[in-house]
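Peer 1: any chance you can model this:
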Amino acid sequence: MSDKEKITSTKEKSYVAEAINPIAADIELLSKMTFAEDAMGGPSAWQAVSNVALNRLKDGRYGKNLTEVVHKMSSAIRTKSPQWQKVDSGKMNPFEQLVYDRINKEVTKVMSKKNVDNTKGAVLFENIDKYGFPKTWDKSKVQAVAKVGRHTYFKEK
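Peer 2: Residues are numbered from 1 along each chain as shown. Model prediction:
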């Protein structure tokens with residue numbers, strides 16, 4: 001199967017899954033993105049990354065649906081990081097699969113009506129300790145509102 005056929009096949013499966021159960025498709029995408037962004041962060045970090053995506057969706061400026069929001073927000077997806085490629089292809093080792101399954105459970109909780117946003121409405125996050133403040137962000141237009149695991153979470157002013 002050529003790369004083009006694989007991409008087409010994957011897209012067709014995605015559309016079918018979304019048509020059958022759009023919530024399950026959103027949970028899967030959000031779980032994959034969370035794995036790629038912070039697999040080793042633990043439950044509260046996984047919830048936080050997922051909450052940012054939901055906060056962006058609620059805001060309305062970051063995309064019209066969760067798929068659009070997630071693809072725009074995730075550097076792991078945009079750069080096709082090794083973590084993203086691994087989770088997107090499903091080629092994870094047993095430990096990674098266990099982590100992904102736990103992430104999926106946390107994302108399912110985040111997508112429920114009982115979710116409590118542990119980022120206090122944040123729409124941005126970064127590992128400031130490791131990477132510093134992003135050069136593309138205007139410091140005067142963002143405010144740190146939470147720190148969960150390695151990431152600091154920000155609202156736009």
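Peer 1: and the nearest residue to K32 once chain neighbours are set aside, how far from V145?
Peer 2: Excluding the flanking residues, the one nearest K32 by CB to CB, 6 or more residues apart in numbering is V87, at 4.7 Å. C-beta here means a position set from N, CA and C on the backbone, and glycine is covered the same way. As judged by CB to CB, to the nearest Å, V87 and V145 stand 28 Å apart.
Peer 1: which one of the two has more residues nearby?
Peer 2: Using other CB atoms under 10 Å, the more surrounded residue of V87 and V145 is V87, with 25 against 15.
Peer 1: mind checking what secondary structure the more buried one has?
Peer 2: The three-state label given to V87 by DSSP: H, G, I helix; E, B strand; the rest coil is helix.
Peer 1: that one contacts Y100, doesn't it?
Peer 2: Yes. With contact defined as CB atoms under 8 Å, V87 reaches Y100; the gap is 6.3 Å.
Peer 1: identify the contacts common to those two.
Peer 2: Common contact partners of V87 and Y100 (CB atoms under 8 Å, 6 or more residues apart in numbering): K32, F35.
Peer 1: ok, which stretches of the chain are helices?
Peer 2: 3-20, 22-38, 43-59, 66-73, 75-78, 82-89, 94-110, 128-131 (DSSP state H).
Peer 1: would you mind getting the angle between the fourth one and helix 22-38?
Peer 2: Put plainly, it is helix 66-73. Between the axes of helix 66-73 and helix 22-38, defined by axes from the mean of the first three to the mean of the last three CA atoms, to 10 degrees, the angle is 10 degrees.
Peer 1: can you check the third one too?
Peer 2: Between the axes of helix 43-59 and helix 22-38, defined by the same axes, to 10 degrees, the angle is 120 degrees.
Peer 1: quick check: mean pLDDT across helix 43-59?
Peer 2: Average pLDDT, helix 43-59: 97.
Peer 1: thinking again about what came up before, relative to F35, how far out is the residue nearest to K32?
Peer 2: Applying CB to CB, the value for V87 to F35 is 5 Å.
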